[in-house]
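In: pasted the sequence and its predicted model underneath.
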Amino acid sequence: MTSELNGAHYDCLVIGAGMSGLAAAIRLAMFDKRVLIVERHNAAGGLNSFYSIAGRKYDVGLHAMTNYAPPGAKRLPLIKILRQLRLDRDQLDLSEQCGSKIVIPGYSLNFSNDFALFESEVAQVFPEQIDGFRRLVEHVKSFNETALDIQEESAIAVLREFLSDDALVNMLMIPVCYYGSARENDLDFSQFVILFKALFMEGFARPFDGVRVIIRALLSKYRELGGERKMKCGVREIVADNGHASRVIFDDGTEITADKIISSIGYAETLRLCSDQPGDAGRDNTGALSFVETITVLKKQPASLGWKDTIVFFNNSEHFDYRRPKDLVDCRSGVICFPNNYQYSDERKLEEGFLRVTALANYDRWAALTDQEYADAKDQWYETLQRRALDFLPMPRVRDKEHTTPPMVAHKAQARLVLEQYTEAKDMFTPLTITKFTGHLSGAVYGAPNKVKTGRTHLDNVFLCGTDQGFLGITGAMLSGISMANLHVLGAG
Amino acid sequence: MTKEDVKQIVLDIIAEIAPDEELSDIKPEVRLREQLDLDSMDFLDIVMELRKQHGIEVPEDDYPELASLDSCADYLLPKFEAKASA
């Protein structure tokens, strides 16, 4: 059955109500375009959404909002977004991280939102590399990563021009890859620059109530501007006539027309909706990288157990392998996150403790499991990842005597017992969960390995924004939506 | 409508799109970019707001005319006057 929208015409249709789609739609509604945003899922936010189990709200994507900019900062992405979307920074309720680290055996580098800390850590741990590191930082600072016409370069190759110690190269690559690389074992240098600035030079922050604060701010702005939104409404087909999208058919058969279409759902995912493309269009540019994440609800604040870091990026050797694992999960490297460990104002504390552990995963392997195997694999890998995380965390500290374990129990076993004792609830999401929330093929969190910076497609009125346009992270996603709306819809008048 | 009115209109728009900027002592003869942290996205918004609030069109080739408050007034006043008499 078709909906009340059947036959409607819009200036612009935005596909996907994630961060980038919402930002694009806000820009268009702000300047009186008639805009409709459609989202197949029942919740907005895309990758950065949230869900509830047993009354608890869990964030899907967000460990941290990168690109933190303090009040009064100039020319940084976060400031641009606030201006372009006419949001007040208080609406995002951002608090800065306490401090994070990158750990591999024998080396540990601390960093915070004060870049001087990271530089001094590199100087201390890698004294022979510090001059090269400083030159690299200068190169990064002067690089214009947002230009739409940059030549591709291997980030690893560029890093090796400045740094001769691969341990340091790999330590820099761990956070950068985990927080945004869609490419195995390397990425385009311009993407490296975007991420290096976002993670190390600008830094991490988080709204006290998690990612839904940002989604709510975007949705209410869009509503205020009179934008239309339709949830649980996927696009079945974009009908193409001579290189032009002439109409759009939704899952329920409803047909609408739009002068322009901005799609945030991905490069191959968008092509495959177009009636002039084969069903496997874009197969040479689909992402292979997906993740699992364990979420452990703790009965205590992590800091009271001695876990004070905001985020810990770890790898179990000097060699870092960032690619689709052969097994269901690769637990050699990963990310540990404690959402409690931000400097929340007014001494606010999250009611419960949270420990999240992320690692690379193989979508096809997870997709091939039966329901029972899937449930068993989740249990098994949950345990494995908890153990791995404990290898990279300080021994949990317990003050109350009754909880101490017999002295003959080995340290690692004792750490596991403590963690088990303080676990209130647990959950785990897999590559299949990611596909459910994002619609990305293969649960590819960061989308296609080759980004389409201009946002153009083979159809003259269909444009991409979001992950596959190439700006990364929550801030990057919003900036992508804004840029594409400005360039392809508003700029053209 | 005077040039001063036009300058005030432009200042009001800037205050709306960049509420974090201090606008009290803007020199009208000096380029806005030298006094304020405005980038090309912000200038696009000035143009968009002129269209939305006042029905004034500024073609892309004329964006340089908006460099300072004085040049804005020189360039926009005839457009406002034409609009008023239309």
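Out: Cool, got the structure.
In: who in chain B is up against chain A?
Out: With CB under 8 Å from any CB of the partner chain as the criterion, chain B comes near chain A at residues B:16-20, B:37, B:39, B:41-42, B:44-45, B:48, B:51-52, B:60. Where you see a C-beta, it was placed from the backbone N, CA and C, and this is true even at glycine.
In: any stretches of chain A with poor pLDDT?
Out: Low-confidence segments of chain A (pLDDT under 70): A:61, A:399-410, A:492-493.
In: the same query, at a cut-off of 80, please.
Out: Along chain A, segments meeting pLDDT under 80 span A:1, A:47-52, A:54, A:57-63, A:146-149, A:318, A:398-411, A:471-472, A:492-493.
In: elements contacting the longest helix seen in it?
Out: For chain A, the longest helix by residue count, based on DSSP state H, is helix A:371-391. On a contact count with 3 or more CB pairs under 8 Å, 6 or more residues apart in numbering or on different chains; DSSP states H and E, helix A:371-391 meets strand A:290-298, strand A:311-315, strand A:329-337, strand A:353-361, helix A:411-421, strand A:423-429.
In: residues in contact with the closest residue to chain B within the stretch 101-250 of chain A?
Out: The stretch 101-250 of chain A approaches chain B most closely through A:Thr146 (10.5 Å), counting by CB to the nearest CB. Residues in contact with A:Thr146 (CB atoms under 8 Å, 6 or more residues apart in numbering or on different chains) are A:194, A:471, A:483.
In: what do you get if the cut-off is 10 Å, keeping everything else the same?
Out: Neighbour list for A:Thr146: A:77, A:190, A:193-194, A:453, A:470-471, A:476, A:479, A:483 [criterion: CB atoms under 10 Å, 6 or more residues apart in numbering or on different chains].
In: with A:Thr384 instead?
Out: With CB under 10 Å, 6+ apart, A:Thr384 has these contacts: A:294, A:328-329, A:331, A:357, A:359.
In: just A:Asp309 next, same as before
Out: Counting by CB under 10 Å, 6+ apart, A:Asp309 touches A:97-101, A:103, A:110, A:302-303, A:336-338, A:341, A:392-394.
In: name the SS class of A:Ser246, please.
Out: Following DSSP: H, G, I helix; E, B strand; the rest coil, the label given to A:Ser246 is strand.
In: so where does the nearest residue to A:His9 once chain neighbours are set aside fall, helix or strand?
Out: Closest residue to A:His9 apart from its sequence neighbours, by CB to CB, 6 or more residues apart in numbering or on different chains: A:Thr257 at 4.8 Å. Using DSSP states H and E, A:Thr257 falls within strand A:255-263.
In: show the subsequent helix or strand relative to that strand.
Out: helix A:267-271.
In: tell me the gap between that following helix and the middle of its chain.
Out: Helix A:267-271 sits 19 Å away from the centroid of its parent chain (CA atoms, centre = their mean, to the nearest Å).
In: that helix packs against which elements?
Out: strand A:235-241, strand A:255-263, strand A:462-464 (3 or more CB pairs under 10 Å, 6 or more residues apart in numbering or on different chains; DSSP states H and E).
In: out of those, deepest packed?
Out: With neighbours defined as mean count of other CB atoms under 10 Å in any protein chain shown, the helices and strands packed on helix A:267-271 peak in mean count at strand A:462-464, which reaches a mean of 28.
In: what's the first helix or strand after that strand?
Out: Once the chain leaves strand A:462-464, the next helix or strand it forms, by DSSP H and E, is helix A:473-485.
In: give me the most central residue, chain B.
Out: Per CA atoms, centre = their mean, the C-alpha nearest to the average position across chain B is that of B:Val10, at 3.7 Å.
In: that one and B:Leu77 touch, don't they?
Out: No. Using CB atoms under 10 Å, B:Val10 is not in contact with B:Leu77; the gap is 11.1 Å.
In: what's near enough to touch whichever residue of chain B sits closest to chain A?
Out: As assessed by CB to the nearest CB, chain A sits closest to B:Asp37 within chain B, at 4.6 Å. By CB under 10 Å, 6+ apart, B:Asp37 lies in contact with A:73-75, A:79, A:83, B:18, B:20-21.
In: in ChimeraX, how would I select just the buried ones from those?
Out: Buried residues within these, by 16 or more other CB atoms under 10 Å in any protein chain shown, are selected in ChimeraX with:
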select /A:79,83 /B:18,21
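In: pipe the contacts of B:Asp37 into CSV and attach secondary structure and distance to A:Gly55 per row.
Out: Shown next, in CSV, are the contacts of B:Asp37 (DSSP: H, G, I helix; E, B strand; the rest coil; distance: CB to CB, whole Å):
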residue, secondary structure, distance to A:Gly55
A:Ala73, coil, 38
A:Lys74, coil, 43
A:Arg75, coil, 43
A:Ile79, helix, 37
A:Arg83, helix, 38
B:Ala18, coil, 42
B:Asp20, coil, 39
B:Glu21, coil, 44
